[in-house]
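Asks: Let's see this in three dimensions:
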Amino acid sequence: MKSQKRGMFSLSVIALTMLILMITQVTAFAGGKLVIYSPATRATSDMIVEMFNEKHPDIKVDIVSAGTGELATRIRAERARPGGDIMLTGGTETMDSMLELLLPYKNVNDAAFSEQFKHPEYYYYAFSLPLQVFIVNTTLVSEEEAPKTWTELGDPKWKGKLIWANPSTSGSAYAQLGIMLQMYGWDLVENVINNASITSSSRISYQNVANGEYAIGMTGEANVFNLMEEGYPVIPIYPEDGTALRFDTVSIIKNGPNTENAKKFMDFITSQEAMTRVAMEESRRMGRVDVAVKPGLMPTEQVKFMDYDEAAAAADKEEILYKFDDLFAAKGK
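Replies: Coordinates of the predicted model:
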């Protein structure tokens with residue numbers, strides 16, 4: 001009788017152990033992972049992950065940081081077996097060229113986005129509006145002396161004082177290239193290439209201006225304001241001949257390993273709460289119509305905008321970059 005009871009007790013322990021394992025597995029499955037590819041600064045992406053985990057503490061988030069061009073190349077290379085779930089802050093010029101690799105998803109906050117700031121078939125939504133400006137180190141060049149237009153960047157007096165990220169690897173640099181091309185053509189771009197030191201990363205570009213290694217650069221306005229708040233002697237110059245009203249995006253990578261968690265992230269990041277915090281802490285103009293601009297940024301209605309054709313910039317990207325590479329290569333000859 002004792003052995004029978006002992007056997008029944010052992011079976012009960014085994015059954016309880018199996019039940020605990022099953023519950024643990026279900027809980028792990030319910031949480032799971034999320035992999036975000038992002039050209040944003042690590043401070044921005046880390047803050048967003050922290051906010052997301054406040055809502056979904058059971059989801060482990062990994063960030064892969066690199067330039068837009070590098071991440072787009074990676075997504076294309078991984079098309080048979082994607083490693084990422086979300087692309088955060090890729091420019092439309094890049095994302096429109098790879099829609100077949102994205103998963104359309106109409107998120108729960110769709111109504112808060114104007115038609116201008118989302119893809120008509122829900123392949124992406126606007127994250128922020130990175131207005132391209134000039135960043136100027138005021139210890140090297142005064143605000144009065146600084147260039148005020150895109151054409152002035154081609155003036156030989158700025159040779160060796162200007163830094164520019166490579167448009168092949170940086171989405172923001174490609175936007176800057178597109179603006180100059182659409183306004184003034186290749187003659188201006190060639191002059192700017194001859195004046196500038198070309199670097200691989202937009203982050204290196206604006207940080208080197210902040211550090212005083214170069215006097216002038218080009219970047220999104222948020223980067224300038226964040227550096228100002230950190231105490232660097234830099235200011236933004238909004239081009240008097242206009243900048244582009246364009247946006248960077250958030251999208252789901254098709255067939256990613258954690259699609260359901262990617263949808264949760266999309267619903268989160270497009271919320272008013274999340275975008276308001278990003279706007280205030282990161283000095284970004286956001287894609288939602290009901291998120292205010294941070295005090296201190298130039299009011300949107302006071303910014304001069306050009307007529308920027310994002311579709312053309314996306315469609316002609318390969319040809320444009322090929323010619324840019326030719327001009328860059330010829331610079332050293």
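Asks: Name the helix or strand for the residue nearest in space to the middle of the chain, please.
Replies: Centroid-nearest residue in the chain: residue 89, 2.5 Å away (criterion: Cα atoms, centre = their mean). Following DSSP states H and E, one finds residue 89 within strand 86-91.
Asks: now that strand, how far from the centre of its chain.
Replies: Centroid separation between strand 86-91 and its chain, computed with Cα atoms, centre = their mean, to the nearest Å, is 5 Å.
Asks: Sheet partners, orientation included, of it?
Replies: Here strand 86-91 is paired, per DSSP bridges, with strand 33-38 (parallel), strand 248-253 (antiparallel).
Asks: Return the set of buried residues in stretch 211-224.
Replies: 214, 215, 216, 217, 218, 219, 220, 221, 222, 223, 224 (16 or more other Cβ atoms under 10 Å). From N, CA and C alone the C-beta is placed, and that goes for glycine too.
Asks: ok, the last one - contacts?
Replies: When you say that, I think you mean residue 224. Contacts of residue 224 were listed using Cβ atoms under 8 Å, 6 or more residues apart in numbering, and they are 133, 135, 206, 234, 235, 236.
Asks: Can you tell me the closest non-neighbouring residue to it?
Replies: residue 236 (4.1 Å; Cβ to Cβ, 6 or more residues apart in numbering).
Asks: just to revisit the earlier point, just the closest of the contacts of residue 224 to residue 169, please.
Replies: residue 206 (14.6 Å; Cβ to Cβ).
Asks: helix or strand for the closest one, which one?
Replies: helix 202-210.
Asks: same question for that helix, mean pLDDT?
Replies: Averaging pLDDT along helix 202-210 yields 95.
Asks: I'd like the next helix or strand past it.
Replies: Note on helix 202-210: by DSSP H and E, the next helix or strand toward the C-terminus is strand 216-220.
Asks: any idea of the angle that following strand forms with helix 202-210?
Replies: Calculated by axes from the mean of the first three to the mean of the last three Cα atoms, to 10 degrees, strand 216-220 forms an angle of 130 degrees with helix 202-210.
Asks: Please identify the deepest-packed of the strands paired with strand 86-91.
Replies: Per-stretch averages of neighbours, counted by mean count of other Cβ atoms under 10 Å, single out strand 248-253 among the strands paired with strand 86-91, with a mean of 26.
Asks: Could you list the low-pLDDT ranges of the stretch 1-150 of the chain?
Replies: The stretch 1-150 of the chain contains residues with pLDDT under 70 at 1-31.
Asks: and if we set it to 90?
Replies: In the predicted model, the stretch 1-150 of the chain carries pLDDT under 90 at residues 1-31, 41-43, 67, 69, 91, 93.
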